[in-house]
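[1] With the input below, show me the fold.
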Amino acid sequence: MNPLPMGFLTLSIYLTFSSSLFHLTHPLCHNNERSALLQFKQTLLIIECDIGYPKTASWNLEENSECCSWDGVKCNEDTGYVIELDLTWSCLQGSINSSSTLFNLVHLQSLSLSHNDFGYSQIPSAVKNLSKLSNLDLSHSNFSGQIPSEMLELSRLESLDLSANSLLLRQPSLKSVVEKLTKLKKLDLNWINISSSIPNNLGNLSSLTHLSLIECQLQGVIPSSLGNLSKLAFLDISSNEFLGDLPISIANLASLQQLSVSSCQFSDQVQSSLKKREDQGLESSTFAFDWKIVLTGFVSGLIVGVILGNEYFTKIVEWFATNNLGWQLKIAIKRKTRGHRN
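    Predicted structure coming up:
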């Protein structure tokens, strides 16, 4: 038997090595998950859109059967399971129900369907099947109805964005969300009808860094427990109907970079309070806060800069005419150390 040519052996070894290397860097898609993705695609239409592009157009067996390389799909490099599905701005239209094969992707850790059109369908209760989710973004996607209680079974969630949908958060309530989803770092519920007060237990979300509750029909007094959110960097509670004023405990938010309270019931009180302090001559006053406050009015503009230190603070105020369209209060923490005390 004649020995194989050396060139043939070299080529065989190279091809074997290349194939092994490909599978090491590109995990093979599981057949059941490939099928689930394709069936999910078939239930939705691809429409014309000015922003984004139809990511699912690349999902087909003819051109590429390896679903881990499809647009918007990311697989675990070791197991090959689909762990991320990002279909943001994907020009999708249709509805999703609990029988959707989307919910067969039980290894998903991140799911974004934002900026699509799901025809005012309700968020399916089968979302609970995706129990490994740490990130869920359904914002700006035309979902409607009551947020399902099953969503609260996603105990690993660290980021939840349901903003800009025609959703209700009544049963479950915001209080229930806070009780169940204790690992949240980001919570964005803008323009969702909550119609309740901010629950006192919100202060228990010790990992929270971002909280946005714009125009949620929130009422009542803001609880002082808000000051317990030591990692909170961003807080926007604009366009709600609060009573009273901002709790003094906000001074405890050492990580806070921006606070927006435009068009809130207490906005005028904040303005009047600052104006009163100006009239009293703040230049020689001393406060227990360590804050830099910038109050910006809309349109024509109002700028009030107040630097408050533990020892001294200086203030520069420039008032410009406003069109009475509301206020945005931004609080940026800036610690200033002076070498002597009063």
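[2] Low-confidence regions, the protein specifically.
    When residues are selected by pLDDT under 70, those of the chain lie in 1-27, 265-342.
[3] just the helices in the protein please.
    In chain order, the chain shows helices spanning 6-25, 31-42, 174-180, 267-279, with DSSP state H as the criterion.
[4] show me what contacts V177?
    Remark: with contacts taken as CB atoms under 8 Å, 6 or more residues apart in numbering, V177 is in contact with L152, L169, L187. The C-beta positions use only the backbone N, C-alpha and C, and glycine is treated the same way.
[5] let's see 7 Å
    By CB atoms under 7 Å, 6 or more residues apart in numbering, the residues touching V177 are L152.
[6] what does the one 4 residues further on give?
    L181 makes contact with L152, S155, L157, L160, according to CB under 7 Å, 6+ apart.
[7] Now the two most distant members of these.
    S155 and L160 (11.8 Å; CB to CB).
[8] Which of these two has more residues huddled nearby?
    Using other CB atoms under 10 Å, the more surrounded residue of S155 and L160 is L160, with 23 against 11.
[9] Residues in a beta bridge with that one, which ones?
    Beta-bridge pairing for L160 (DSSP bridges): L136, L187.
[10] right, and it touches N190 too?
    No - counting by CB atoms under 7 Å, L160 does not reach N190; the two are 12.0 Å apart.
[11] before we move on, back to that, would you format the contacts of L181 as a markdown table with distance to D245 included?
    What follows is these, written out as a markdown table (distance: CB to CB, whole Å):
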| residue | distance to D245 |
| --- | --- |
| L152 | 32 |
| S155 | 35 |
| L157 | 32 |
| L160 | 29 |
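[12] Could you tell me which of the residues you listed are located in strands?
    Judged by DSSP state E, strands contain the following of the contacts of L181: L160.
[13] so which of the contacts of L181 would you say is closest to F118?
    Looking at the contacts of L181 and their distance to F118, the nearest is L160, at 17.1 Å (CB to CB).
[14] What distance do you get for the closest one to S263?
    Taken as CB to CB, to the nearest Å, the spacing of L160 relative to S263 amounts to 24 Å.
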